[in-house]
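Enquirer: coordinates only, sequence not included:
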């Protein structure tokens, strides 16, 4: 008796619902099963977050897609999918631009005509997100049983619901963030940028932020220039009980010594030349909220003593006044200096250092975050795509290799500026305005990667010589190293590794088993 294809696909996924799996692995299995049910070139699972769709998992799309944020109003196809319950099949000659044009792996040509299918997902009768399928063959989905996709979508919704229930801690953190966002919008403040990444270093940072966010501890954030210390401070504040109150920031390095005290503590009229009115300082403005002191290591020693007094007593005096003002403020400080060394050199007060570093938090540099650079690049590419009015903005393979091989001394800020600059220059250099703009390595103007993966190495390069053994042993040794390195880059995702190596997944698994890798 032959089992129906949909049932064959659903049985292992239903079994997965009762297993403890990481969210990323659960969603990967879901998309892998979907491509088995409805063969296509790319699938994606996207979650609705406010006015944008956030990719949670992709299969067959470039890795930077995971870092992109698709504003629904800017992508007519995604908007059409969200506005309709059930399956939507776009005709091959549909004139609406596809958000994945240029992003399908293994296809460097511009994608102007292909087949596109999608289905909205609902949880408890509320819109949650989308499942999308794309194919290079314009007739791929003609005659397909679209009811199968609707049935699969129901299981996908159940999978999502299981993930949300199992990850209760993460869900509570998201709820706090959403509440904080409501308050920020009500106060007319700018929505902070999302912290994007999947590396172990990034996940460890998020766990620490969640842990310390709900406390009242003073936090000292350390890290190199451009790693996003202010974004970390915003995230800590957003997870705190003070989230409904203001987050006030002060860059201690941007002010002359004569104005720092006034900026921190305020002043009264006539306190100094130019003080024509009474003015509150940052501490009073942050009352019941959070004060973020960026580059705190730049504060003059005289101001450090006054800052310590406020931290200890919660009382301050405005410049030129003897009156005491009581404030209730949580302080988050940040520095790119080694403050312990500054203390030893006599440039920073030891008592203030210990007062600020109740909870030290290090933000890892971008070079320690592995392939997060591609996710962040995807975010900045989508930003610039919308800004420049392009249909698609993507990276070539050599550009991806260059980004992965660079050391990023300026970290995320350098990456953001680089992508914006490269996109603008590449657009200006085009003889006519392209529908899809591809950034190559020479557009980025970065040095060629010294640690370029073997899988994309020049054909002229030769494999390392094996000290002993015949030709078969040498080939096996080379293949073993190649596959192991590829799996490490793809974080043990066998399907992604197979695509990178140009192999069928089943063939790769058989080869790996013979080589003793699995």
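Expert: Nice, thanks for sending it over. Here the structure is a predicted model, which is why all the values come from computation and not from measurement.
Enquirer: phi, psi of residue 393?
Expert: When read as degrees, to the nearest 10, the backbone of residue 393 gives phi -130, psi 120.
Enquirer: report pLDDT for it.
Expert: pLDDT recorded at residue 393 is 93.
Enquirer: residues contacting it?
Expert: By C-beta atoms under 8 Å, 6 or more residues apart in numbering, the contact list for residue 393 reads 102, 381-382, 384-385, 423, 436-437, 439. Where C-beta positions appear, they are placed from N, C-alpha and C, glycine not excepted.
Enquirer: quick check: which ranges of the stretch 201-350 of the chain have low pLDDT?
Expert: 270-271, 273-276 (pLDDT under 70).
Enquirer: just the strands in it please.
Expert: Listed from the start of the chain, the stretch 201-350 of the chain has strands (DSSP state E, counting those that start in this stretch) covering 219-222, 247-251, 290-294, 315-317, 324-326, 330-335.
Enquirer: re the thing from before, which one (most neighbours) among the contacts of residue 393?
Expert: residue 381 (28 neighbours; other C-beta atoms under 10 Å).
Enquirer: stretch 100-116: end-to-end distance?
Expert: Distance between the two ends of stretch 100-116: 10 Å, counting by C-alpha to C-alpha, to the nearest Å.
Enquirer: hang on, I meant stretch 224-232
Expert: Stretch 224-232 end-to-end distance (C-alpha to C-alpha) = 13 Å.
Enquirer: and the closest residue to residue 266 other than its chain neighbours, how close does it get to residue 325?
Expert: Leaving aside its sequence neighbours, residue 266 sits nearest to residue 281 (C-beta to C-beta, 6 or more residues apart in numbering; 3.5 Å). According to C-beta to C-beta, to the nearest Å, residue 281 and residue 325 sit 9 Å apart.
Enquirer: next: residue 424.
Expert: 48 Å.
Enquirer: so how far is residue 294 from residue 251?
Expert: 5 Å.
Enquirer: what's the spacing between the residue sitting nearest the centre point of the chain and residue 349?
Expert: Closest to where the C-alpha atoms of the chain average out (C-alpha atoms, centre = their mean) is residue 196, at 1.4 Å. Going from residue 196 to residue 349 by C-beta to C-beta gives 36 Å.
Enquirer: doesn't residue 61 make contact with residue 104?
Expert: Yes - with contact defined as C-beta atoms under 8 Å, residue 104 counts as touching residue 61 (6.2 Å).
Enquirer: which residues do those two both contact?
Expert: Taking C-beta under 8 Å, 6+ apart as the contact rule, the neighbours common to residue 104 and residue 61 are residue 42.
Enquirer: how many neighbouring residues does residue 294 have?
Expert: 20.
Enquirer: from what I see, residue 44 and residue 100 are in contact.
Expert: Yes - taking C-beta under 8 Å as the definition, residue 44 is a contact partner of residue 100 at 7.4 Å.
Enquirer: list residues touching both of those two?
Expert: 61, 65, 132.
Enquirer: need these in CSV (columns: secondary structure and pLDDT).
Expert: Output for the shared contacts of residue 44 and residue 100, formatted as CSV (DSSP: H, G, I helix; E, B strand; the rest coil; pLDDT from 0 to 100):
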residue, secondary structure, pLDDT
61, strand, 90
65, helix, 94
132, strand, 91
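Enquirer: who are the packing partners of the longest helix along the chain?
Expert: For the chain, the helix with the greatest residue count under DSSP state H is helix 146-166. Counting contacts by 3 or more C-beta pairs under 8 Å, 6 or more residues apart in numbering; DSSP states H and E, helix 146-166 packs against helix 5-16, helix 23-37, strand 87-90, strand 115-123, strand 126-135.
Enquirer: pipe these into TSV and attach distance to residue 341 per row.
Expert: Listed next are those as TSV, based on distance: least, C-beta to C-beta, whole Å:
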stretch	distance to residue 341
helix 5-16	51
helix 23-37	39
strand 87-90	60
strand 115-123	51
strand 126-135	48
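Enquirer: could you redo these as JSON lines and give each row mean neighbour count?
Expert: Output for these, formatted as JSON lines (neighbours: other C-beta atoms under 10 Å):
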{"stretch": "helix 5-16", "mean neighbour count": "14"}
{"stretch": "helix 23-37", "mean neighbour count": "19"}
{"stretch": "strand 87-90", "mean neighbour count": "20"}
{"stretch": "strand 115-123", "mean neighbour count": "21"}
{"stretch": "strand 126-135", "mean neighbour count": "21"}
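Enquirer: looks to me like residue 437 is in a strand.
Expert: Yes - in this structure, residue 437 lies within a strand as judged by DSSP: H, G, I helix; E, B strand; the rest coil.
Enquirer: tell me who's in contact with it.
Expert: 388, 390, 392-394, 423, 426-427, 430.
Enquirer: which ChimeraX command selects the buried ones in those?
Expert: In ChimeraX, this line selects whichever of the contacts of residue 437 come out buried by 16 or more other C-beta atoms under 10 Å:
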select :390,392,393,394,423,426,427
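Enquirer: among the contacts of residue 437, name the ones in strands.
Expert: In strands, judged by DSSP state E, the following of those are found: 392-394.
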